[in-house]
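**Q** sequence and computational prediction follow.
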Amino acid sequence: MSIDPKAGNASSLKSNFWLFCIFYSVIHGAVDAVLAFSAAELGTNLGSLGGTVLYVFYTCSALLIAKPCLQYFESKNTVFLGLVGLLIYVLGFFLAILIPSAAPILFLSGCAVGGIGAGFLWTGQGSYYTLNATYYALAANSSRPEAITNFAGIFAGAYLSFETVYKFLGTFVFVVVGIASSSAWQPILFGIYTATALISTIFFWAKVQPLKDHPSLHMQSYEVVHTDDNVPENEAQRKGLLSKTDDAEPLTTPTKGSVTFRTKKRSHSYLDTPDTNKVTSATILSDVFAVGHLMFSVRKLQFLIPYQICFGLSAGLVDTYVNGVIVKNYIGDGYIGILSGLVTLSAALLAAPFAIMGNSHEGRGKDWIMIAGGFCFAVGGLMLLVLTDAQIAHWPVIIAYYIFHGAARGVWENTNKAVVSEMFESSPSVRDAAFATVYFSSGLAGALGFAFFQFLNKSTIALINLAVSSAAVGCFLLARKLHRRDMRMKEVRQMVSALDDSDHLSDGSDDNDEVSIYFSPEKETSRLRLASNPMHDDSHVQV
């Protein structure tokens, strides 16, 4: 039985999202803990090969399979299939610990299935999280962008907290049980991971409610509040304010004027509207190529990809070199759990501040958080470049290293995903493909990191990290600039469309959501200015 937003039960929607986050996070906490231990417990060669297989299948799944699966099964069921795949990954690692002679086949098979599941999981998570936040904003009569940012903080906080618990649990079991026996702690720890992952998968299916997507959820409309005598009456001339299409007539006289609009309150009428987006073999085939098409055709998405690559490479660096070489050789592999947990603890503690800051300054706080995340990613490479392994292994230094990496990961898990959701929220199909692109690019980068970092020297790895981190920040700023331009153009088009469609004006009553267009042709180009006050030159749209 699914939640009905018609009832306006915002608390039920938020409670449902908390259940989603908890069950999801338990399973993925076990997965990330296993990934952190893999190189140390199964050997660098098999652990790195397993990580490569996991990320290669993850990449292919996100690129080719996840989007059609999401279209066919919808978001909750897609996430569930992903959780089952990752459960098999954890089980494969556990069996590899129990049966060392069969470790390669057991572990690598689990990595392949887990990689496919991860592609489903994360693409479905992006869709479900955005949809739940949208339903909540509608039921609570609140701002949709703020709900998306807040829900991103809830997910990141829960997800990273459970991962922290699982990684700390690794060191706890090692210290308590490992004192009596050097090997007895491994079956106990990884048996706990497997059992809790299985239980959470079952509860996820039973307790988390399905939410159906619909294009009308993502639309915004306007009504005309006021216009003056200088607004062109000719529809074709009004089109000339925005475009140079064949049926648009230019303004032939120096005309100045203004139109004031008010955003319409969104209703629940979309729930009663049949969804014509039926799944057919043609739509599935189209979805197979949707991610690739989007990557090559949408510029602002292309500018977001370096940030995802930065995260993937950094994850490969930490798991293969910092955990697999520095911590294992200088501190002891039993401490990988607590140090990896320090990463997720740092990220979890920053989840709420990031959500608050991200909603500040009309959402521009996200920009500063993303820039800070790129800096923290770069610090990880810089420390490898200037310090020896023995120096990094000193407790104060290694703790600082994991905290910086945790802060960077917190940005990627939290603010980065809120940015993607915000930039592509207007179309469910494009949004899903955008999230698939995020996980494809980060997964591909992670696969390359696991595959090649073991053969590169430390300085080369560090320089790659520094270069990609710098590119990630610069490209993000370009993506943000393009997105703001696109949003201004879209808003103006919607308003002028409302002007074309209106037969009469509304009562002109005051409303906080009012916005005006002031226009005046300059030479042969029209400039449209959006502002809540005509004295403020807030922004211009060049068309």
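**A** Yes, it's here. Numbers count the residues shown, from 1 in each chain.

**Q** please make it C-alpha for all contacts and neighbour counts, starting now.
**A** Fine.

**Q** just checking, Lys300 touches Arg484?
**A** No. Using CA atoms under 8 Å, Lys300 is not in contact with Arg484, being 10.4 Å away.

**Q** what about the two, which has more around it?
**A** A count of neighbours by other CA atoms under 10 Å puts Lys300 above the other of Lys300 and Arg484, at 21 against 12.

**Q** residues contacting that one?
**A** Lys300 is in contact with 478-480, 482-483, counting by CA atoms under 8 Å, 6 or more residues apart in numbering.

**Q** please repeat the previous calculation with a cut-off of 6 Å.
**A** Ala479 (CA atoms under 6 Å, 6 or more residues apart in numbering).

**Q** check Leu13 too.
**A** Going by CA under 6 Å, 6+ apart, Leu13 touches Tyr136.

**Q** and Ile199, which helix or strand is it part of?
**A** Ile199 belongs to helix 185-207 when elements are defined using DSSP states H and E.

**Q** typed the wrong thing, it's Val438
**A** helix 428-452.

**Q** the stretch 51-200 of the chain: helices as residue ranges?
**A** With DSSP state H, counting those that start in this stretch as the criterion, the stretch 51-200 of the chain has helices at 66-98, 103-140, 144-178, 185-207.

**Q** closest one to Ile331 among these?
**A** For Ile331, the closest of those is helix 144-178, at 12.4 Å, according to CA to CA.

**Q** what's the angle between that closest one and helix 185-207?
**A** With axes from the mean of the first three to the mean of the last three CA atoms, to 10 degrees applied, the angle from helix 144-178 to helix 185-207 works out at 150 degrees.

**Q** could you list every helix and strand in contact with helix 144-178?
**A** helix 10-42, helix 103-140, helix 185-207, helix 336-349, helix 351-358 (3 or more CA pairs under 6 Å, 6 or more residues apart in numbering; DSSP states H and E).

**Q** what do you get if the cut-off is 7 Å, keeping everything else the same?
**A** The contact analysis (3 or more CA pairs under 7 Å, 6 or more residues apart in numbering; DSSP states H and E) places helix 144-178 against helix 10-42, helix 103-140, helix 185-207, helix 336-349, helix 351-358, helix 417-423.

**Q** name the residues of the third one that come out as buried.
**A** For helix 185-207, the neighbour count (16 or more other CA atoms under 10 Å) marks 185-186, 189-194, 197-198, 200-201, 204-205 as buried.

**Q** what does stretch 160-179 give?
**A** For stretch 160-179, burial by neighbour count (16+ other CA under 10 Å) applies to 160-174, 177-178.

**Q** what do you get for stretch 328-347?
**A** For stretch 328-347, by 16+ other CA under 10 Å, it's 328, 331, 333-347.

**Q** so how many other residues sit close to Gly365?
**A** 17.

**Q** brain fart, Glu74
**A** Using other CA under 10 Å, Glu74 has 19 neighbouring residues.

**Q** might one say that Ala407 is in contact with Ala348?
**A** No. Between Ala407 and Ala348 there is no contact under CA atoms under 7 Å: 8.8 Å.

**Q** these two: who's more crowded?
**A** For Ala407 versus Ala348, neighbours defined as other CA under 10 Å are more numerous around Ala348 (29 against 26).

**Q** isn't that one up against Gly157?
**A** Yes. Contact status for Ala348 versus Gly157: in contact at 4.6 Å, counting by CA under 7 Å.

**Q** low-confidence regions, the stretch 251-400 of the chain specifically.
**A** For the stretch 251-400 of the chain, applying pLDDT under 70 flags the ranges 251-290, 363.

**Q** how about the strands of it, start to end?
**A** For the stretch 251-400 of the chain, the strands defined by DSSP state E, counting those that start in this stretch occupy 257-263.

**Q** quick one, which of the helices of the stretch 51-200 of the chain is nearest to Cys376?
**A** helix 144-178 (17.4 Å).

**Q** helices or strands up against the lengthiest helix in the chain?
**A** When the chain is parsed with DSSP state H, its longest helix is helix 458-501. With contacts defined as 3+ CA pairs under 7 Å, 6+ apart, the packing partners of helix 458-501 are strand 222-227, helix 299-317, helix 365-386.

**Q** so which of the ones you listed is the most surrounded?
**A** helix 299-317 (a mean of 24; mean count of other CA atoms under 10 Å).

**Q** how far off centre is it?
**A** Centroid separation for helix 299-317 versus its chain: 12 Å, with CA atoms, centre = their mean, to the nearest Å.

**Q** quick revisit: which of the helices and strands packed on helix 144-178 sits closest to Tyr321?
**A** When the helices and strands packed on helix 144-178 are compared by CA to CA, helix 10-42 sits nearest Tyr321, at 9.5 Å.

**Q** check which residues of that closest one are buried.
**A** Buried, per 16+ other CA under 10 Å, within helix 10-42: 10, 12-14, 16-42.

**Q** leaving out sequence neighbours, find the closest residue to Cys21.
**A** Once flanking residues are discounted, Cys21 sits nearest to Phe155: 5.6 Å by CA to CA, 6 or more residues apart in numbering.

**Q** from Gly50, how far out is that neighbour?
**A** Distance from Phe155 to Gly50, counting by CA to CA, to the nearest Å: 27 Å.

**Q** residue ranges with poor pLDDT in the protein?
**A** Applying pLDDT under 70 to the chain flags residues 1-8, 177-183, 214-290, 363, 426-427, 490-543.

**Q** next, name the residue at the spatial heart of it.
**A** What sits nearest the mean C-alpha location of the chain, by CA atoms, centre = their mean, is Lys417, with 2.5 Å.
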